[in-house]
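Engineer: Using only what follows, build the 3D model:
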Amino acid sequence: MALNNLERHAAVVDRSVLYATLAQHPGALPLLVRVLGSSQFLADALRRRPQALAWLLEPRTMRVWLPEDLAAELAQALAPFETREARMRGLRRVKYRHLLRIGARDLLGDADLAVTTAELAHLADACLAEALAFAEAAARVAYGAPRDATGAETGVAVVAMGKLGGEELNYSSDIDLMFAYGADGETTGGRHGRVPNGEYFARVCRGVVAFLEEVTDEGYAFRVDLRLRPEGRMGAVVLSLDRYRDYYRDRAELWERQALIKARVAAGDLRVGARFTELAREAVYRPGLDARIVPAIRAMKGQIDRTLIEAGRTATNVKLGRGGIREVEFLVQALQLLYGGEDAWLRERNTLKATFRLTERGYLVPDLGRMLSEAYVHLRTVEHRLQILHGRAAGLRGARVPGATPPDHRRRAPRLPRVLWSGGREAGRLRGWPDPGATRLRWSGGREAGRLRGWPEQGAPRLRPADAVTSGWSEAGARPGRPAKGTAWRGSAAQRHGAPRHGVRRPRARAPQPRAHPRGAPARAVRGPAPRGARAPLPDAPGRPLEERRPRRGAQPVRALPVGRRPARWARRAARGPPRASHWARPCVCGWRPPDAAPHRPARAPRLARGARAAPPGQYLSGLTTIEGYAREMTALAEAVLAAGWLLTLEPLVARHGVPRDAEGRFIPAVVVGLGKLGGRELCTGSDLDIFVVTGDEGRTDGGDPIDASWFYSLAAERAASALGDITAAGVAFPVDLRLRPGSKGSGFASSVAALERYYAEYGDLWERQTLTRARLVLGDPGLARRVRAALRRVVYGTPLPRAQLKEIAEVRKRMEVELGRETRGRSNVKYGRGGLVDVEFLTQALQLVHGGDRVEARAPATAAALRGLARAGALPPARAAELADHHRFLRRVWAALRLLGARPSDTLELAGPMPARVASALGFPSRQAFLDAYGACREAVRAAYLESMT
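Structural biologist: Coordinates of the predicted model:
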């Protein structure tokens, strides 16, 4: 296939130039071999557009393109054209060129499934925005601007549904759309007179669909499906917001509510889109448990199964068949409908991210959540490889998972294992995968959380060193075309799904057979291989081997930590003491963006943080540091990653909008304020980063697309939070929480110093003032930091809190205990439960608000330091303060152990399960009961002190 397509490609280009490029450019041959040997669709597209090869080989092309990058590229490409036909052809050229780029990155393994599907969705968004702009411009000339009953101009929002809405689009997916306009009224009049707003926007929306669907000599852009709108095919193309609200309140079926889970505004009027998003959220997520949800979704899946049985395709449809993609999606959406009304964290459009959140919150057990994610990634990759082969979705109906090949599809199926795996012989072979009859995802009607049976216990084969030669791209610093020094690459199944090598043949003697390795072996992962040479002694224990300092087997975390792989390195690292943020700063920035790499590489943050984040827990588990040192190191790492993310997020914003300046041309800086565990330097594995951003004076940027300074920094905060908190193949760097910022729910993510003080003075609640007791400046301009610190000091400690208001703080604590703790006789919540960490923290913060105005020593953001300061200030007896500090330290150790041991939910201790024994072993208790006795006594003492001080 690769040679045939190469011959066809060479026939339409200058052969001498092509062969010179293949010989001289280190990335040309691997790219062509992968594309031409894996996808007839992409090979044909490249043959029709041979100049695209040079574009693909440019260094800045093969990267993640931001949505605004795609929009700017499309606008630049269409700028010379004015007629509808010319702009349609130009849009299709840009679309197929970027489809080549996205497909090539996917096939080369440079992008995982999440990145690939998100880029496909962003490409569709850019095309939608261009189609809408052209259709609306033509309608305005004909009919004028649409206005509502008050005379205000209104607009239309394009609502993406399905896979486009979830930013998980396929190569050959239709795009599911709905259209909503602001309000009824009439246009101002134009060349063809006036029309009602409904008719005006209907013409606009039909123009958008035609702009994308019509076939030109460059093909079509996208197929559009409008059947998810109210009343389906019989309904109006576009409705006003009021009519949408009435329909979803009174007439919508459950499946329509389910479809709205993925609703996202892809283009159009953002104000109308925000109002639609709000009404959709109200329609989907309702308080309480609805017993009809699971039976209704089970009935829908049964109807799909019956349709496939009648067509004889139950085992050949990757998407709709038994154990297919739709079953994973239905399961996840059922849980979202059940619990999303009470838990806002579950309101996620993307299926993989929603699965992660369901697992994190405990609605899915960890093993099931992991299996569902792996199954979904595998099935979606199968779907992608089938689609990219010939560029059409019909392939889903005629191929099945390898190993279950129906007689009439024997010629097609042998290609699928080669496209999925590259670890076998030249023909490709799927290793270690069980019979598909046993590897089907079963929809469980009796329980919300389905089951996965027969999933293999072996990981993907090890990648051969020869792969570094044939791929042309190395991750270990090797030059393209050469194997990395000491190459021993290992790849997960998700990483290996995208590396086909059709047409690459090499003798077996040069390519030893790969060896499978177990997926999860915590003991071996922590223990590691035996180091060369003598064991390195610890600084404080000469001659004592490192592994003797490790906790017992029960304390070993689920995560693989390199504690025992390099003992000498760990000993030297421990001798240097706890690091500052500067220890991590340079590795973070350089690791996220190498000198020659493209500026936007957000996936590097999780990859970097994943490796660096193993160091603090590893030292803590080995006894090389205390819980305080562990928290300080985690905080230092978080600050460094946050600084790198902030810096690299600003770069593309400055390139587009310029530098924010005030009226006199002076630079307007910003600072990042840390709250919660980040502010108190008490971070643990899995902790969120609570932050908000404060800017200097008002002003605007000085670039080609100027915006307000506050909006500039709001965009920076939002993108930094997304880059650090998004789920990638490397995991999550640090989840960022912006909800504690000053302002209402719909306000921006950055505010000026004056706006901050005004908000807290006029609108701030007591609980918001309480959160500021842990505020700490973590990043930004030193001069502005002094102003912000003074403003926060005035807000928090300017007026001492009357002791009578402690009752309000106690009421908030009671609500947290009931709503977040959710304790039962067999379940204890270490953080939110009775006598938990929050008891100590609320007690400390309440006393800080009462006494901190007069006594500076009581203002420390860290809980232990604040307790010592309160004792010096006379707010607490010294013995009581020391006792509370000891209890707080013990509870932090229990909390850290639960997180490192993989407890789900992470703050909960199941008293009847195996976790108490594991925690007891990790903390050095002689028995499970001894730990439970100490834990119970600690909780009772904390609650007694809390009640005494708060009443």
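Engineer: Spell out the secondary structure type for residue 147.
Structural biologist: Look at residue 147: counting by DSSP: H, G, I helix; E, B strand; the rest coil, its state is strand.
Engineer: for it, what are its contacts?
Structural biologist: By CB atoms under 8 Å, 6 or more residues apart in numbering, the residues touching residue 147 are 153, 154, 185, 186, 187, 188, 197. (Glycine included, C-beta is placed from N, CA and C.)
Engineer: Report pLDDT for the last one.
Structural biologist: Model confidence at residue 197, expressed as pLDDT, equals 94.
Engineer: Likewise for residue 348?
Structural biologist: On the pLDDT scale, residue 348 is placed at 92.
Engineer: try the one 4 residues further on
Structural biologist: What the model reports for residue 352 is a pLDDT of 92.
Engineer: Would you confirm that it contacts residue 374?
Structural biologist: No: using CB atoms under 8 Å, residue 352 and residue 374 do not qualify as a contacting pair, with a distance of 10.4 Å.
Engineer: So these two - more neighbours on which side?
Structural biologist: residue 352 (21 against 17; other CB atoms under 10 Å).
Engineer: Counting by contacts, list what the strand or helix carrying that one packs against.
Structural biologist: Residue 352 is part of helix 351-361, with elements assigned from DSSP states H and E. When contacts are defined as 3 or more CB pairs under 8 Å, 6 or more residues apart in numbering; DSSP states H and E, helix 351-361 sits against helix 325-339, helix 366-390.
Engineer: Let me have the ones you listed in TSV, extended by mean pLDDT and distance to residue 631.
Structural biologist: TSV is the format used below for these (pLDDT from 0 to 100; distance: least, CB to CB, whole Å):
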stretch	mean pLDDT	distance to residue 631
helix 325-339	89	31
helix 366-390	87	24
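Engineer: In JSON lines: those, plus distance to residue 916.
Structural biologist: Formatted as JSON lines, the helices and strands packed on helix 351-361 follow (distance: least, CB to CB, whole Å):
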{"stretch": "helix 325-339", "distance to residue 916": "27"}
{"stretch": "helix 366-390", "distance to residue 916": "18"}
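Engineer: and the residue nearest to residue 658 when sequence neighbours are not counted, how far is that from residue 656?
Structural biologist: Spatial nearest neighbour of residue 658, chain neighbours left out: residue 703 (2.3 Å); criterion: CB to CB, 6 or more residues apart in numbering. Relative to residue 656, residue 703 is positioned 6 Å away (CB to CB, to the nearest Å).
Engineer: Equivalent analysis for residue 681, please.
Structural biologist: 35 Å.
Engineer: So between the two, which is more surrounded?
Structural biologist: The residue with more neighbours, out of residue 681 and residue 656, is residue 681; 22 against 18, by other CB under 10 Å.
Engineer: Spatially nearest residue to the more buried one, not counting backbone neighbours?
Structural biologist: residue 635 (4.4 Å).
Engineer: Go ahead and confirm that neighbour touches residue 678.
Structural biologist: Yes: taking CB under 8 Å as the definition, residue 635 is a contact partner of residue 678 at 6.5 Å.
Engineer: if you count what's nearby, which of those two comes out ahead?
Structural biologist: Set residue 635 next to residue 678 and count neighbours by other CB under 10 Å: residue 678 wins out with 29 against 26.
Engineer: Summarise which helices and strands the host helix or strand of the more buried one is packed against.
Structural biologist: Using DSSP H and E, residue 678 falls within helix 676-679. Helix 676-679 sits against helix 627-657, strand 689-695, strand 776-780, with contacts defined as 3+ CB pairs under 8 Å, 6+ apart.
Engineer: Send me the second one as PDB with only the CA atoms.
Structural biologist: Coordinates of the C-alpha atoms in strand 689-695 are reproduced here as PDB (Å, rounded to 0.1, in the frame of the first residue of the first chain):
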ATOM      1  CA  LEU A 689      -4.400  24.700  43.300                       C
ATOM      2  CA  ASP A 690      -6.800  27.400  44.500                       C
ATOM      3  CA  ILE A 691      -5.800  30.700  42.900                       C
ATOM      4  CA  PHE A 692      -7.100  34.000  41.600                       C
ATOM      5  CA  VAL A 693      -5.400  36.700  39.600                       C
ATOM      6  CA  VAL A 694      -5.100  40.400  40.400                       C
ATOM      7  CA  THR A 695      -4.000  43.100  37.900                       C
END
